[in-house]
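K.L.:
quick check, what structure comes out for this input:
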Amino acid sequence: MVIITLQRAKCIGCNYCAELNPENFRMSKKDGKSVLLKSQEKRGFHTTKLADDNAYEDADKAAKACPVDIIKVKQI
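P.N.:
Just a heads-up that it's a prediction; the model follows:
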């Protein structure tokens, strides 16, 4: 299982996550910030759980490319 967490309020809208991992991220047309698809929001953190372990590599690339370090990826 792969868990992806995004602190959306701190997003600067660089678009790296959506370019590197379009299966999980999109850019909002309303405010230009990243949106973590199929996520639940709790206290400013948007989290999604994916059963597909193959999703880890692309999500990790997006997390490492984020200049403000607001994406966290865990594989459990």
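
K.L.:
my read: M1 touches A59, true?
P.N.:
No: checked against CB atoms under 8 Å, the pair M1 and A59 is beyond contact range at 12.0 Å. For every residue, glycine as well, the C-beta is placed using N, CA and C.

K.L.:
mind listing the shared neighbours of these two?
P.N.:
Counting by CB atoms under 8 Å, 6 or more residues apart in numbering, the contacts common to M1 and A59 are L50.

K.L.:
which of those two has more neighbours?
P.N.:
Between M1 and A59, A59 has the larger neighbour count (other CB atoms under 10 Å), namely 26 against 12.

K.L.:
show me what contacts the nearest residue to the more buried one once chain neighbours are set aside?
P.N.:
In space, and not counting its chain neighbours, A59 is closest to V73: 4.6 Å by CB to CB, 6 or more residues apart in numbering. The contact partners of V73, taken as CB under 8 Å, 6+ apart, are 2-5, 56, 59-60, 62-63.
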